[in-house]
Each structure stands twice: as C-alpha cells, then as structure tokens.
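>>> sequence? don't have it. structure:
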C-alpha cells in the first residue's frame, strides 16, 4: 500500500557477499569433474559390491561450486568414482572445473591433460592446489583458498572469455564467503544411492595446531559455521534421496564446542521426525570425552560412529607432535566414555614418528586389543606442505624430492631405515586385522557400545518396498561373498548367529560389510599391493616392495588364508 514503510532488510540481505549476487552476461557450459580416488583404506572399496554402491561419499566442495554457478550457466557434474568422463562430456563443455586432495594429485593432472587434448581450459580448486600450487603447473586457472572473492574473479574471467589463457592465472580468495551464506550443495546432480555415505559440512577450521596437520593453514583456527536450518535442509535432501548414513565432514565437529551444543538440539528434533532412520557420524578430537552433555546430545541425535585422530598411544609422541589434547584424560578411559553413549570409535594411527621405538608396533597392537576400536587407519608418516612438520623436516634436509620418493610411500627421510618403518607397519596391519582379532573387537562393541544407542519407535515404517529390496539384496550378497565363499566364513558365521539370535539385524549388516573390507584390505597390504601411506605416489604392486613378501612374517599366510575425512571440505 502507498505510504507503508518497506520492511527492514535482513542482515543477510545487507551483508550479502558479492559472489552470491554475481550475474553473468554470457551463457557458459561448465563440466564439473571430480577425480577418482587412489585406492586406499578409507575408500572402503571392498564394501561397494556388497552394498551395491559405486563410491564412498559425495564430494562437498565441487557440489558447492555447482550451486554457486550463475543461473544462466549450464552445469554437468561427473564423479569419476561413479563413472568416467567421456569425450562427449569434454566436447560439450566450455570450461572444465576440477578439484581434489593430495591423494588425487595424479588423477587431477590426468584430467588437466584430457581437457587440453579436447581443447578445453581447466579451472582447478580445492585443498591440494590451495596448499601446493606447484603440483599443478599445467592447469589454466588456479583457484586458491575457499569460496569467496577469488571465486567471483574466476567467474568474471570466464564470463568474459572461455578460452585458455596465455599463461597460468591464479585467483586467491581473501574475502571468504561466510558459511551461513553457502547454498545447499548441488545434490541434484548426483544419485544419492550411488554412495556409501551421504556428506554434509557444518563448520570449517580447527583450533588445534598438530604438527603434521594442514587444516589450520588452509581453513583457519577459528571454526566458521553454518546455521542449523542450513544443515537440516541438507540432511533432508540426502535422506529423501535414500541416504541411511550421513557423515559430517567437518575438520573437527567440536572445534567450537558451543556451536556443536547449539546445533545438536536441532539434530535431535530432526531424528525424532525421522524416527532415527539415518545414522550420523563425524570426526572430532579426543577431548570430546570431556563434554558429557555433548555426547548425550549426540546419542539423542543418533550419532553412531566417531573418527578420532588418536595417532599413537605413546604420550611422548603426542607431546612431540603437539597433540596434547589427547592427553587431557587417559586415552583408553576416553574411548570407554564415548562408547557409553552408543558411539563406536574409529581411530587414525601413525608410524614413522621420530619418537618411535622398537616397542612402538607392540604398543599399537596392544592398544587395538585394549581399546576394542574396530577400525584403525594405520599409515606411515607423510609430510604435507604447509605444515609445521614439513617446515621442520625441510630445515633438517629430510624432505625427499618427488624423484627420490617415487618408489617409497613417504617423502620423509626417517630416522630409521625406510625398510624398517614399512616392516613395522606390516606387523601392525597383520596383527590388528586378523579376522579373529577384528571380529572380537566388533563383538565387544556389539555387547558394550551398540546397546546404548536409540532405536526407532516404529521400525516397521522403515520397511518400505525400496528398503526391503535393498536389504534383501545386501543380505544375499553378504551371505554369498562372506558367508559362503569368503576366507573367514567361520568367524563370520559365529558373529552372525550370535547377533541374529539377539535380533541385532542392523549390527549383522554393518559388521559383515566393514569387516569384509578391512580383512581384504589387510591381506592386500601384506601381499605388497597397497601403499603404506594414503598420500603415496608409488605405483602399488609386490615388485615395488622388495623384501616385503608374505613369507617375511611367520603368521602372514594365516591372514592370507583367513581373510579399509575428510571429504573435501
């Protein structure tokens, strides 16, 4: 009506980042191409056939970029973990966008090569190029840092011309797009059921300064946050698409404990509406055990799994790497505390530290047995660029060149002979993933951890035709692959019968699927077919690990006969 005052603009409208307001003048076609992961423990590849999925998690970063593209630009998304990009995809595009982590370095450079063969320019962003732009000399545009003014300048350049520039051009973000202005990632570009887990991001950054970690350098020490309503909308998108497990890819879910406390009541209410039909999981630091109120809210929000970088059970090593947050309470006591809230712990473990002793492998093996942690990612140390570890070792002349580390799984000159470090890694892998040992740890959690979890109040409502078909298919594949033709069927059936008698059908599915991957992964490690570090550039194969044959270990044939987050932010 005339004379009526306009309503006051919201703070979001007043402070809208220029990136969100950008409007293109030209039409462009953008191929958003996510590179394939190198096979590693954390990709859980051996579980894919059992669950009838093709990849681990949807990539958050490039799906965010898809949602930020100008509305007049056409977008086509291809995750090469699901399907390979075709010549037609490259021919269709004006510009190729790609991204990735260090573990995808080889695949990223291959995408650049294929795009150039098709005459298309490549814009590369993400954590790897932001940390080490020198890794990618052939990419046309480098997007360095998070979404923000650098993204805007990249869009403006492409809007003016989609041609390859005469020389590599960089766009570094100084003014970041606030997380509370992030759109919902472009989940509409994916088929959720192609992925083992869904993924969401609540925060970015971590306050701790662990020597080996590059998160503070990349994303800062003061975690930035989304609003709860943003998270709920993303969760709804994934759950409506069929996701039954969703992972929070935050660097540290309790990097800001107060923010976690404010989000969790919203997640509790969301789970009540969904009747606990979606498992949630995340990554956090071990000091979460000091927050019983947060753990109880996580239990109510149906968080069932928590990845923690324990790194080592040896206090001297934790102090040396500046991970003293793991020393605030005894580690075993902290793990037990978390288990009491129905949350199963997974842990990261590192070998090859300067503080390692001849007793270190046995300490890790004993820790696995005493903590009853089923999933332990064990890697030898690798120095990432932009870390205190890298700078220290570089000053000491202990960082190897690409050529020097080409046939090794680390870029570090260890204090011990390299062969000895790998031998210790193999010893740990062999012992902790013996089928009897792994299933014993799962048996402990089935008895002491899982009973503390919430259960659906109306479980029959989850028995939809789609869920029933999916469940029966998984059951058939698990029984055939693990129970009938698998190498460890005796321990499998022992676990299976016990859990089914107790009515723990979901436990049966989860344990069978994950254990199959872990045991198979361990066997491949002992056969020399897998790398000892997720960041290794060595091409795997028994011939590339001289001296590390199965016969080198007295119990190795027993395992061979008997017998795996961070999304990108």
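Great, that's in hand. Values in this document were obtained by computation on a predicted structure and should not be read as measured data. Residues are numbered from 1 along each chain as shown.
>>> touching, residue 152 and residue 19? I think so.
Yes. Residue 152 lies in contact with residue 19 (CB atoms under 8 Å); the separation is 4.5 Å. For the C-beta atoms, the positions are set from N, CA and C on the backbone; glycine is no exception.
>>> lowest-pLDDT helix or strand in this structure?
Lowest by mean pLDDT, DSSP states H and E among the helices and strands of the chain is helix 556-562, with a mean of 28.
>>> could you list the low-pLDDT ranges of the stretch 401-550 of the chain?
Applying pLDDT under 70 to the stretch 401-550 of the chain flags the ranges 537-550.
>>> just the helices from it, written as ranges.
418-432, 435-448, 465-478, 489-501, 505-526 (DSSP state H, counting those that start in this stretch).
>>> wait, a helix at residue 171?
No. Counting by DSSP: H, G, I helix; E, B strand; the rest coil, one finds residue 171 to be strand, located in no helix.
>>> now the residue nearest to it when sequence neighbours are not counted: how far from residue 143?
Spatial nearest neighbour of residue 171, excluding adjacent residues (CB to CB, 6 or more residues apart in numbering): residue 150 at 4.0 Å. The spacing between residue 150 and residue 143, counted by CB to CB, to the nearest Å, is 6 Å.
>>> list residues touching both of the two?
The contact sets of residue 150 and residue 143 overlap at 171, 173 (CB atoms under 8 Å, 6 or more residues apart in numbering).
>>> flag the shaky bits of the chain, pLDDT-wise.
For the chain, the stretches flagged by pLDDT under 70 are 1-14, 537-569.
>>> quick one: the strands in it?
29-34, 74-79, 95-98, 122-124, 141-144, 169-172, 198-200, 203-204, 224-225, 245-248, 279-284, 303-311, 344-351, 376-380 (DSSP state E).
>>> report the distance from the second one to the chain centre.
Read it as strand 74-79. The chain centroid and the centroid of strand 74-79 are separated by 22 Å, computed with CA atoms, centre = their mean, to the nearest Å.
>>> and the angle from it to strand 29-34?
Counting by axes from the mean of the first three to the mean of the last three CA atoms, to 10 degrees, strand 74-79 points 20 degrees away from the direction of strand 29-34.
>>> and strand 74-79, which strands flank it?
Here strand 74-79 is paired, per DSSP bridges, with strand 29-34 (parallel).
>>> then the third one?
The strands beside strand 95-98 in its sheet (DSSP bridges) come out as strand 29-34 (parallel), strand 122-124 (parallel).
>>> what does the last one give?
For strand 376-380, the paired strands and their directions (DSSP bridges) are strand 344-351 (parallel).
>>> could I get the buried residue list for the partner strand?
Within strand 344-351, the residues that qualify as buried are 344-351, counting by 16 or more other CB atoms under 10 Å.
>>> for that strand, give me every contacting residue.
Contact partners of strand 344-351, identified using CB under 8 Å, 6+ apart, comprise 212, 304-312, 335, 338-339, 360-361, 364, 371, 373-381, 421, 424-425, 428, 445, 449-450.
>>> just the buried positions in stretch 321-330, please.
Buried residues in stretch 321-330, defined by neighbour count with 16+ other CB under 10 Å: 321, 323, 325-326.
>>> likewise for stretch 513-526?
513-526.
>>> how about stretch 83-93?
85, 89-90, 93.
>>> can you tell me which of these are in helices?
Taking DSSP state H as the definition of helices, the buried residues of stretch 83-93 contribute 89-90.
>>> from the buried residues of stretch 83-93, which is closest to residue 502?
residue 85 (46.8 Å; CB to CB).
>>> name the nearest residue to residue 444, ignoring sequence neighbours.
residue 372 is the one closest to residue 444 (CB to CB, 6+ apart), at 4.1 Å.
>>> pretty sure the one you found is touching residue 447, no?
No. Residue 372 lies out of contact with residue 447 (CB under 8 Å); the separation is 9.8 Å.
>>> burial of residue 94, as a residue count?
18 (other CB atoms under 10 Å).
>>> look up phi and psi at it.
phi -90, psi -40 (degrees, to the nearest 10).
>>> make 434 the starting number, not 1.
In the new numbering, first residue 434, that becomes residue 527.
>>> just give the number of residues close to the closest residue to it other than its chain neighbours.
Leaving aside its chain neighbours, residue 527 sits nearest to residue 595 (4.0 Å; criterion: CB to CB, 6+ apart). The number of residues packed around residue 595, counting by other CB under 10 Å, is 16.
>>> ok, now the one 3 residues further on?
Residue 598 has 11 neighbouring residues, counting by other CB under 10 Å.
>>> contacts only, for it.
Shown in contact with residue 598 (CB under 8 Å, 6+ apart): 554, 573-574.
>>> how far off centre is stretch 615-625?
18 Å.
>>> what's it in contact with?
Contacts for stretch 615-625 (CB under 8 Å, 6+ apart): 453, 465, 491, 493, 496-497, 499-501, 508, 510, 512, 515, 580, 631, 659, 663, 666-667, 670-671, 674-676.
>>> stretch 890-906 too?
By CB under 8 Å, 6+ apart, stretch 890-906 touches 485, 675, 708-710, 889, 942.
>>> now do it: distance from first to last residue.
25 Å (CA to CA, to the nearest Å).
>>> mind listing what's buried in that stretch?
residue 903.
>>> how distant is that stretch from the center of its chain?
Counting by CA atoms, centre = their mean, stretch 890-906 is centred 28 Å from the centre of its parent chain.
>>> how much space between residue 959 and residue 468?
Computed as CB to CB, the residue 959 to residue 468 distance reads 28 Å.
>>> and residue 578, what is it in contact with?
Counting by CB under 8 Å, 6+ apart, residue 578 touches 563, 605-607, 609.
>>> so which of the residues you listed wins on neighbours?
When neighbours are counted by other CB under 10 Å, residue 563 leads these with 24 neighbours.
>>> if I pick that residue, what's in contact with it?
If you count contacts by CB under 8 Å, 6+ apart, residue 563 has them with 576-578, 651.
>>> and the helices in the stretch 584-733 of the chain, which stretches?
648-652, 661-673, 690-707, 725-733.
>>> just name the most buried of those.
Most buried of these, by mean neighbour count (mean count of other CB atoms under 10 Å): helix 648-652, with a mean of 20.
>>> what lies in contact with that one?
560, 563-564, 579, 637-642, 684-685, 819-820, 1002.
>>> can you do 6 Å?
For helix 648-652, the surrounding residues in contact (CB atoms under 6 Å, 6 or more residues apart in numbering) are 560, 637-639, 642, 684, 819.
>>> report the separation between residue 589 and residue 609.
Relative to residue 609, residue 589 is positioned 17 Å away (CB to CB).
>>> my bad, residue 776
Where residue 609 is concerned, residue 776 sits at a distance of 32 Å (CB to CB).
>>> hang on, the earlier thing: the residue nearest to residue 604 - how many residues pack around it?
Using other CB under 10 Å, residue 583 is surrounded by 24 other residues.
>>> got a list of what it touches?
So residue 583 contacts 576, 604-606 (CB under 6 Å, 6+ apart).
>>> make CSV from those and add distance to residue 539 to it.
Output for those, formatted as CSV (distance: CB to CB, whole Å):
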residue, distance to residue 539
576, 20
604, 24
605, 24
606, 26
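>>> nearest to residue 870, of these?
Closest to residue 870, out of all of the contacts of residue 583 and judged by CB to CB, is residue 576, at 44.9 Å.
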